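1. Sequence and predicted structure below; questions after.
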Amino acid sequence: MSSLFERSANTLFFQIAQQIAAILVGIELARALGPVGKGITAYAMIALSLVTMFFNGQNEAIAYQFGRRRIGLAAVHRAMLHIFAYAAPLCMLGLIALTGLGPSQHVLIATALALPFALYAQFATQFFLVIGRNQTANIQACLTIGVYALVAIPLLLWAHLDTTGTLIVWVGSQMVGAVWAGIKLAPYLRGTRSYKRDAHDADGAELSLEHEAVLREQWIFLSKAGFSSFASYLNLRIDVIIVSLMLGAAQLGLYTLAIATGELMWKFTQALVWSALGRIASETPERSAQLVAKITRNLLAVQLTIGIVIFFLAPKLIILVYGAQFAPSANALRVLLPGMIAYTIEGSIGYYFSVQHANPTFRLVVQSLSIVLCATISVATIRHFSIIGAAIATSTSYLCVVVIMSVLFLRTTKIPASELFLLQRSDIERYRRLFQAGMQLLRVTPDGQRERD
């Protein structure tokens with residue numbers, strides 16, 4: 001657990017750095033370009049995320065083959081590149097074709113240009129996580145948003161960068177992240193640097209399969225898990241798509257600000273999930289389930305605490321930081337919070353089923369039903385309640401997903417519900433020790449020196 005804690009702390013540091021950069025560039029972008037410009041750039045980024053989330057199924061295929069089945073890194077990477085060589089150009093052409101639907105879709109050109117870089121960086125990250133190189137993955141993610149922020153903010157401030165220029169900088173930052181990932185992964189592919197998945201990997205034994213067999217298995221896994229991952233993300237963004245179609249760019253800018261602000265609290269807890277993905281994939285099903293339960297109950301406790309703080313402070317902070325024109329975002333954020341607090345546990349439970357049981361289908365079914373529910377409520381309420389209606393739909397669908405997936409997890413693993421949702425004595429004791437250690441660091445003597453025992 002100490003190793004996981006160290007990785008989580010390291011990931012949390014980088015997550016905080018990424019969020020600071022994202023917040024700063026988001027604030028300046030909103031102030032410089034207004035709700036319309038923010039809505040357009042948000043649409044390009046969301047479109048990229050929709051495509052890359054489908055290929056999150058490829059991530060799970062990599063974790064299953066490389067982490068669970070222990071097929072060699074080079075063999076899994078070769079199959080991944082084979083799929084990438086076909087999929088990336090086809091997706092780029094599809095995005096470019098969508099620009100023919102009208103001027104509002106021209107922004108998808110930027111999405112198409114960013115896509116191959118974002119995809120390769122995403123795939124490389126999964127290899128790093130399985131072999132415990134979390135810091136390399138963290139630096140790659142931090143480098144992408146860091147380059148975007150360091151270039152875009154000064155240009156927005158002093159060169160009056162427009163929306164098109166901002167998107168060009170964004171595409172460039174995706175390219176930098178992909179190049180970094182390729183450089184860091186290359187030594188493992190060449191065999192000049194060794195790797196180890198976990199304690200069970202001490203003998204270095206790996207499963208050897210023909211390229212065609214690895215490729216076929218990866219295609220099959222991708223076809224199952226890909227639609228599941230796409231549905232998961234579409235469930236997160238179907239409300240945004242409907243708002244853009246029914247209310248326009250200005251309201252989209254207000255709503256995406258509420259979404260982005262609420263999702264900030266996910267970033268602090270994602271550090272633990274991200275650091276544990278390798279272990280969830282490579283441990284035995286029983287130990288993996290226990291780890292997921294431990295992560296889940298701690299995530300809920302942290303998220304609930306953060307959510308209460310956000311509920312009371314968000315209205316004033318949004319106006320202070322973004323300006324009065326973004327004030328409607330605060331009420332939408334408050335409505336989103338219950339669902340967002342609960343939904344933080346979906347990732348680890350869904351990942352468990354995908355990589356431990358090679359069964360992402362149930363996740364696809366649950367997310368698909370949630371998409372229908374969210375879309376139905378959104379269409380029915382948006383015309384009457386504007387972005388508040390979309391927030392009601394989203395929060396409701398998130399809660400439904402969590403209830404269904406939690407019940408399935410409990411039935412499959414036979415873990416008690418109290419162990420999944422409530423902090424245990426060992427968790428409370430861990431937090432007590434952390435609090436005492438923090439207080440000890442802050443405790444000083446009258447002369448300004450720390451107390452010594």
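-> Cool, got the structure.

2. got a pLDDT number for residue 59?
-> pLDDT recorded at residue 59 is 80.

3. Identify the residue nearest it in space, chain neighbours excluded?
-> Excluding its sequence neighbours, the residue lying closest to residue 59 (Cβ to Cβ, 6 or more residues apart in numbering) is residue 126, at 4.5 Å. The way it works is simple: take the backbone N, C-alpha and C, and place the C-beta from them, glycine included.

4. Mind listing residues that contact stretch 316-331?
-> 27, 30-31, 34-35, 253-255, 257-258, 261, 314-315, 333, 386-388 (Cβ atoms under 8 Å, 6 or more residues apart in numbering).

5. List buried residues within the residues you listed.
-> Taking 16 or more other Cβ atoms under 10 Å as the criterion, what is buried in those is 30-31, 34-35, 253-255, 257-258, 261, 314, 333, 386-388.

6. Give me the nearest residue to residue 120, chain neighbours excluded.
-> In space, residue 120 is closest to residue 178, 4.7 Å off (Cβ to Cβ, 6+ apart).

7. so that neighbour sits in a helix?
-> Yes. Counting by DSSP: H, G, I helix; E, B strand; the rest coil, residue 178 is located in a helix.

8. What count of nearby residues applies to it?
-> 22 (other Cβ atoms under 10 Å).

9. Checking the residue nearest to residue 59 next. Helix, strand or coil?
-> Classified using three-state DSSP, residue 126 is helix.

10. separation between it and residue 53?
-> The spacing between residue 126 and residue 53, counted by Cβ to Cβ, to the nearest Å, is 14 Å.

11. shaky segments in this protein?
-> 1-10, 12, 197-205, 268-272, 274-275, 277-278, 282, 358-360, 441-453 (pLDDT under 70).

12. Grab the longest helix from it for me.
-> When the chain is parsed with DSSP state H, its longest helix is helix 2-54.

13. right, and the pair among the buried ones among the contacts of stretch 316-331 with maximum separation?
-> 31 and 388 (24.2 Å; Cβ to Cβ).

14. re earlier: dump the residue contacts of the residue nearest to residue 59.
-> 59, 62-63, 66.

15. 10 Å instead?
-> Going by Cβ atoms under 10 Å, 6 or more residues apart in numbering, residue 126 touches 56, 58-63, 66-67, 76, 80, 137, 277-278, 281.

16. Mind checking which of those land in helices?
-> 56, 58-62, 76, 80, 137, 277-278, 281.

17. Skipping adjacent residues, who's closest to residue 335 in space?
-> Per Cβ to Cβ, 6+ apart, closest to residue 335 is residue 391, 3.8 Å.

18. Check residue 157 too.
-> Per Cβ to Cβ, 6+ apart, closest to residue 157 is residue 28, 6.5 Å.

19. what's near enough to touch that neighbour?
-> Taking Cβ under 10 Å, 6+ apart, one finds 149, 152-157, 161, 166 in contact with residue 28.

20. The strand or helix carrying residue 412: what's the following helix or strand?
-> Secondary-structure assignment from DSSP states H and E places residue 412 in helix 387-413. Later in the chain than helix 387-413, the nearest helix or strand by DSSP H and E is helix 417-421.

21. Now do that next one: everything it contacts.
-> Under Cβ under 10 Å, 6+ apart, the answer for helix 417-421 is 289-290, 292-297, 300-301, 345, 349, 406-407, 409-410, 413, 424.

22. Using PDB, write down the CA coordinates of the helix or strand following that helix.
-> For helix 417-421, the succeeding helix or strand toward the C-terminus, using DSSP H and E, is helix 425-442. Written as PDB, here are the backbone C-alpha positions of helix 425-442 (Å, rounded to 0.1, in the frame of the first residue of the first chain):
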ATOM      1  CA  ARG A 425     -11.400   1.500  10.800                       C
ATOM      2  CA  SER A 426      -8.100   1.000   8.900                       C
ATOM      3  CA  ASP A 427      -9.000   3.900   6.600                       C
ATOM      4  CA  ILE A 428      -9.800   6.200   9.600                       C
ATOM      5  CA  GLU A 429      -6.600   5.200  11.300                       C
ATOM      6  CA  ARG A 430      -4.600   6.100   8.200                       C
ATOM      7  CA  TYR A 431      -6.200   9.500   8.000                       C
ATOM      8  CA  ARG A 432      -5.600  10.000  11.700                       C
ATOM      9  CA  ARG A 433      -1.900   9.300  11.200                       C
ATOM     10  CA  LEU A 434      -1.700  11.600   8.200                       C
ATOM     11  CA  PHE A 435      -3.400  14.400  10.200                       C
ATOM     12  CA  GLN A 436      -1.100  13.900  13.200                       C
ATOM     13  CA  ALA A 437       1.900  14.000  10.900                       C
ATOM     14  CA  GLY A 438       0.700  17.200   9.300                       C
ATOM     15  CA  MET A 439       0.100  18.800  12.700                       C
ATOM     16  CA  GLN A 440       3.500  17.800  13.800                       C
ATOM     17  CA  LEU A 441       5.000  19.600  10.800                       C
ATOM     18  CA  LEU A 442       3.000  22.700  11.600                       C
END
